[in-house]
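Q: only the shape, not the letters, is given here:
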Ligand SMILES: C[S@@+](CC[C@H](N)C(=O)[O-])C[C@H]1O[C@@H](n2cnc3c(N)ncnc32)[C@H](O)[C@@H]1O
């Protein structure tokens, strides 16, 4: 998903250093100081326009959340929502999921979400997939032991690839769903923008939950 540049994005980001950090390399181990309360910290990598992470932060005031996005225009759209909502348990990051160990300390994250990550179907782009082993190595470093990684996608190829990649990495699967929206085991699904779009078109949603 590539959003068109927004002229208002950079000034909005610069105006709200209390809500958003850009490539925050001085923050490992310090994230709790950015929130109203110290509580378990959850991270979404590739938040898009933020529907999921905002709904999660509203539904779970007992947890802290970070939305991380590569695209300035996308994170600025989340920031716009946060400026209006002022959720005390939500922080935003403009940065790259490939640099997570620069942003977070070992074991700082209690759970990680990947929602409808770009599939990068060409073999030569495998390294860009957010479930490629270099990314898994970083997730493992910043997540607490046994913390859960939750991954949703509409893309069967990326789902199969991710199952194999995580299995080869030695991860343990807690849930594998081939049809999330008709799966009676899942009762607390929070939909993302992409998820609503694809399922409205009759598409099937896959989910896996796993830990290192
Ligand atoms: C297909 S969109 C899905 C957005 C949202 N999660 C949803 O489900 O509606 C994928 C998002 O991941 C972001 N993304 C891709 N690679 C990333 C990376 N390495 N680090 C951070 N974000 C990334 C893209 O900019 C894009 O906004």
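A: Received, thanks. For clarity, every value in this text was computed on a predicted model and none was experimentally measured.
Q: going by C-alpha atoms from here, please, whenever you check contacts or count neighbours.
A: Will do.
Q: the most centrally placed residue in the chain bridge partners, please.
A: Closest to where the C-alpha atoms of the chain average out (C-alpha atoms, centre = their mean) is residue 44, at 1.9 Å. On DSSP bridges, the residues paired with residue 44 through beta bridges are residue 67, residue 113.
Q: quick check: it touching residue 75?
A: No. Using C-alpha atoms under 8 Å, residue 44 is not in contact with residue 75; the gap is 12.0 Å.
Q: what sits in contact with each of these two?
A: 67-68 (C-alpha atoms under 8 Å, 6 or more residues apart in numbering).
Q: now find how far off-centre stretch 181-188 is within its chain.
A: 20 Å (C-alpha atoms, centre = their mean, to the nearest Å).
Q: which residues touch stretch 53-73?
A: With C-alpha under 8 Å, 6+ apart, stretch 53-73 has contacts from 2-6, 9-10, 35, 38-48, 50, 75, 82, 87, 89-97, 190.
Q: start and end of that stretch, how far apart?
A: For stretch 53-73, the separation between the terminal residues is 16 Å (C-alpha to C-alpha, to the nearest Å).
Q: now swap in stretch 178-185 and tell me
A: 12 Å.
Q: can you check stretch 112-124 too?
A: OK, stretch 112-124 end separation, C-alpha to C-alpha: 26 Å.
Q: residues contacting that stretch, please?
A: 1, 42-47, 126, 128-130, 139, 143, 147-155, 157-158, 192, 194-195.
Q: ok, stretch 83-97 next?
A: 19-24, 34-37, 45-46, 54, 57-58, 61, 63-72, 75, 78-79, 82, 130, 135.
Q: now do the buried residues in that stretch.
A: For stretch 83-97, burial by neighbour count (16 or more other C-alpha atoms under 10 Å) applies to 87-97.
Q: now do residue 18 against the ligand, distance only.
A: 20 Å (C-alpha to the nearest ligand atom, to the nearest Å).
Q: skipping adjacent residues, who's closest to that residue in space?
A: residue 34 (7.6 Å; C-alpha to C-alpha, 6 or more residues apart in numbering).
Q: the contacts of stretch 112-124, buried ones only, as a ChimeraX selection?
A: Buried members of the contacts of stretch 112-124, defined by 16+ other C-alpha under 10 Å, are picked up in ChimeraX with:
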select :42,43,44,45,46,47,128,129,130,139,143,147,148,149,150,151,152,153,154,155,158,192,194,195
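Q: now, which of the contacts of stretch 112-124 lie within helices?
A: Secondary structure defined by DSSP state H assigns 139, 157-158, 194-195 of the contacts of stretch 112-124 to helices.
Q: could I get the residues you listed as a markdown table with pLDDT?
A: Shown next, in a markdown table, are the ones in helices among the contacts of stretch 112-124 (pLDDT from 0 to 100):
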| residue | pLDDT |
| --- | --- |
| 139 | 98 |
| 157 | 98 |
| 158 | 98 |
| 194 | 95 |
| 195 | 96 |
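Q: can you check the pLDDT for residue 169?
A: Residue 169 is assigned 98 on the pLDDT scale.
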